[in-house]
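> Compute the structure for the input listed below.
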Amino acid sequence: MTNNITSIFRHDTVNNSNDKITKSLSKYIEKTINEDKSVTYTEVLTPYFLDNDKWHIDFLGEIEQFKEQVQNYKFSNKNISFPFHNENINKEMKFIVYNKLFSDEWGLQAILMSQMQFIRRLSKFINEKYPNINSFKELDLEKANIQWIDWLSSNNIATITKNNGFTKLSEKDYFCKTPSVNFLGNTISSFNQLTDEREEWEKDIWDVRNLEQYGITYSKSSQHHYLSFEKINNLKIREEVKKYIKQRLISNNKFSWNTAMNYLKFIPPFLNYINEAEPLWNDLKSLERQHILKYIEWLNIYAKENLTRKDSNSKLYIARSLECIQKFLSDIQLREYDIAPIKNVRVLILPEDKPKVPKKSNDQIDYVPDFVLEQLFDNINNLHKDIIPVVYVMFKTGLRVSDALELTHDCLVKLNNKYWITTDIEKVYVEGHRIPIDDELANMLAILIDSSKQYSNQDNNPENYIFVRYKGSRKGKPYGQEWIRNKLNLLAIDYNITDELGKRYHFKNHAFRHTYAIKLLNGGADILTVQELLAHASPEMTMRYAKLLDDTKRKTFDKAVKQGIFSFNESDKLIEENDGEIPSDIIDMLYTNHKLNALDTPYGTCMQRTNGKCSYAKQPPCLTCNSGKPCKDLCVGAFEGDTVKYEILINSTKNMIENAKMYNRTEMVCENEELLKLYEDVYSKISQGNMIYSRIDKLKKKVN
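Predicted coordinates:
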């Protein structure tokens, strides 16, 4: 009975697919790029693709979007052929190629020169091994794949190849399946996706690109588009997990696509473990503490045996796994899901179940040392030309690689005669984030923006990205993050970029962000400014950077401390304080406080930055003590040294204004501009030999 139902279902599915295929192959959409970069789409009815088992290049050359490809094609093969004996399978293969061609995923030359070879091989295999099937959907893919690999080998077609790129990166031989081996699985997968007309939420594999209509966002530079629930063995529980993940994604409350992928890394193993332990369960209602304890035992063994990467942390993996499971169980219990445990989750999973994960020391923050940066920039022109500006953007702005790659045509702005990058920061939900940049980067971006505008239109770059792919499977999307990282590491191999110990350096995209933060702090920026520029949601991460400070400045500080520390006593006299040795922890505290909270002033360093705006910072006391006006007993210009004093004050104030503008501190700019005007007024008078003194009347009385 079950086999009959399955057979009827497959038959209906094939019939529905046939209807869709016939309808699609009976027309095509022609795209015309207009002068204003808009695109006109025209539906053209034709039986050509449906009726012909050979598609000639001349026919495609009459379709607007293929004209240039046809003109540039110089090879002898002029036909895309479909040699399957079964007419329906031939039609299914046409449907796949048609969609790949008109979506620009496959270029015309790629189809004629390489894909045709794979299609011919697959047709021979199907004609020989499966002459009686009427659809790709009838194949048992697992069994067919084994036969396919055996058939390729028997025909002397390579099934394994050495991946030289990955071999270089991993420093060991890396072998992978050949494109011929992958072609069968890719064909079946493409056909199933193209003919699956269910709503995305109903499927067991979700493609985030089909969920954008629901407001689901994702990093366009990421290549991780899929969320698979297939690993959850129990079908009823699988549907409940899908329902849960859907609700979390749609609510968009600190639950991103990447977070969902993490949940589906940790939750399925737990559910499958429970399913094996309790095979009769279709829910988690009877979940007990003993199940959790047994799972933790299993989890420890799994982490030890399967986490093989050098940077793997088994304690962190276990802790995150239990956090996800606890959150999932608590949520479904709170929302009264049918599968939710009856026993309170706080009793099932206890705080002490999660291992304490040692924090990374500050020395382990992955930033790019100056020693490595020098080598990188010495060899920067040997890097792929498209990647060079991406590296400069990451290095000079501190943007995450995803934010850097998703910069758009309108990101470059000029304010107060300075250039800035303006963009949205997706991870922390910040819109219109602004970062100051130098003229060199601004000029580079201006050229890239102009070039992108020339090549872009509403079809190949609808979101106006700067670093964009104009064709292929990523058409209209930014470069991939992994591509950037891999190219940097291949450069490190080819040009022997090493750390100070002579070990080959391994680049991580995010390390440039850490480098930017550390350079800002070492350049004198305070912790609040760095937090703002990095768009950190909280100061905790910024504080970690602050402890990675410049050695030279620290040595200077330590030398000054050893030389002598003085304080002002009640009569404003300086008294030496360090008669004995000052404890190192006190010195560390003083130095860290100086780096995090200090603000440079013409008189020294103000240590009250952490308390916010200083009420005395607007102007020095001598210029404000008379109800906000200068003291009447202040005499300026009576001594030659006064002009030098005001030159120093003017230059120092100008520097403070420039720094405040760079970090968008408008209040500080206004206050110091007022102060600068007063200094300049005073200087203009005394530099001409004049003197300023408000109590001239007193002098006259004494003379009389």
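> surely Ala277 meets Ile292?
No - if you go by CB atoms under 8 Å, Ala277 and Ile292 don't touch, sitting 11.1 Å apart. Where you see a C-beta, it was placed from the backbone N, CA and C, and this is true even at glycine.
> More neighbours: the two, which one.
Per other CB atoms under 10 Å, whichever of Ala277 and Ile292 has more neighbours is Ile292, with 23 against 13.
> Can you tell me the closest non-neighbouring residue to the more buried one?
Leu348 (5.3 Å; CB to CB, 6 or more residues apart in numbering).
> thinking the one you found is in contact with Ile325, fair?
No - with contact defined as CB under 8 Å, Leu348 does not reach Ile325; the gap is 9.4 Å.
> if we can go back for a sec, please give the number of neighbouring residues around the residue nearest to Ile292.
Neighbours around Leu348, by other CB under 10 Å: 22.
> residues in contact with it?
Taking CB atoms under 8 Å, 6 or more residues apart in numbering, we find Leu348 in contact with 287-289, 291-292, 329, 341.
> gap between it and Ser330?
From Leu348 across to Ser330, the span is 10 Å (CB to CB, to the nearest Å).
> Work out for me the element the residue lying closest to Lys508 once chain neighbours are set aside sits within.
Counting by CB to CB, 6+ apart, Lys508 lies nearest to Asp366, which is 5.6 Å off, once chain neighbours are set aside. Assigned by DSSP states H and E, Asp366 falls within no helix or strand.
> cool, the one 10 residues further on as well?
With the criterion set as DSSP H and E, the secondary-structure element containing Leu376 is helix 370-378.
> cool, and Glu297?
Counting by DSSP H and E, Glu297 is part of helix 289-306.
> got the CA positions of that helix in CSV?
Only the C-alpha atoms of helix 289-306 are listed here, as CSV (Å, rounded to 0.1, in the frame of the first residue of the first chain):
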residue,chain,number,x,y,z
ARG,A,289,17.4,15.2,33.9
GLN,A,290,18.9,11.8,33.3
HIS,A,291,18.6,12.3,29.5
ILE,A,292,20.5,15.5,29.7
LEU,A,293,23.3,14.0,31.8
LYS,A,294,23.7,11.1,29.3
TYR,A,295,23.7,13.6,26.4
ILE,A,296,26.5,15.7,28.1
GLU,A,297,28.6,12.5,28.4
TRP,A,298,28.0,11.8,24.7
LEU,A,299,28.8,15.5,23.9
ASN,A,300,32.1,15.4,25.6
ILE,A,301,33.2,12.3,23.7
TYR,A,302,31.9,13.8,20.4
ALA,A,303,33.8,17.0,21.0
LYS,A,304,37.0,15.2,21.8
GLU,A,305,36.9,13.0,18.7
ASN,A,306,35.5,15.3,16.1
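> Point out where the stretch 601-704 of the chain drops to low pLDDT.
601-620, 640, 662-665, 695-704 (pLDDT under 70).
> same check, this time on the stretch 201-350 of the chain
For the stretch 201-350 of the chain (pLDDT under 70), the answer is 310-311.
> mind redoing it with 90?
When residues are selected by pLDDT under 90, those of the stretch 201-350 of the chain lie in 215, 217, 223-224, 251-255, 304-314.
> Which residue ranges of it form helices?
235-251, 257-277, 289-306, 314-334, 345-348 (DSSP state H, counting those that start in this stretch).
> Format these as JSON lines; extra columns: distance to Lys137.
Shown next, in JSON lines, are the helices of the stretch 201-350 of the chain (distance: least, CB to CB, whole Å):
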{"stretch": "helix 235-251", "distance to Lys137": "20"}
{"stretch": "helix 257-277", "distance to Lys137": "26"}
{"stretch": "helix 289-306", "distance to Lys137": "34"}
{"stretch": "helix 314-334", "distance to Lys137": "34"}
{"stretch": "helix 345-348", "distance to Lys137": "42"}
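> Report the contact partners of the residue nearest to Lys508.
Asp366 touches 508, 510-511, 514, counting by CB under 8 Å, 6+ apart.
> Need those in JSON lines (columns: neighbour count).
Below are the contacts of Asp366 laid out as JSON lines (neighbours: other CB atoms under 10 Å):
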{"residue": "Lys508", "neighbour count": "15"}
{"residue": "His510", "neighbour count": "16"}
{"residue": "Ala511", "neighbour count": "21"}
{"residue": "His514", "neighbour count": "20"}
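> Go through the residues you listed and flag which are in helices.
511, 514 (DSSP state H).
> from the contacts of Asp366, which single one is nearest Tyr455?
His510 (29.3 Å; CB to CB).
> okay but the closest one is in contact with Ser402, surely?
No - in this structure, His510 is not within contact of Ser402 by CB under 8 Å, at 9.9 Å.
> before we move on, which element is the residue nearest to the spatial centre of the chain in?
Residue closest to the mean C-alpha point of the chain, counted by CA atoms, centre = their mean, is Ser402 at 2.9 Å. Here Ser402 is covered by helix 401-405, with elements defined by DSSP H and E.
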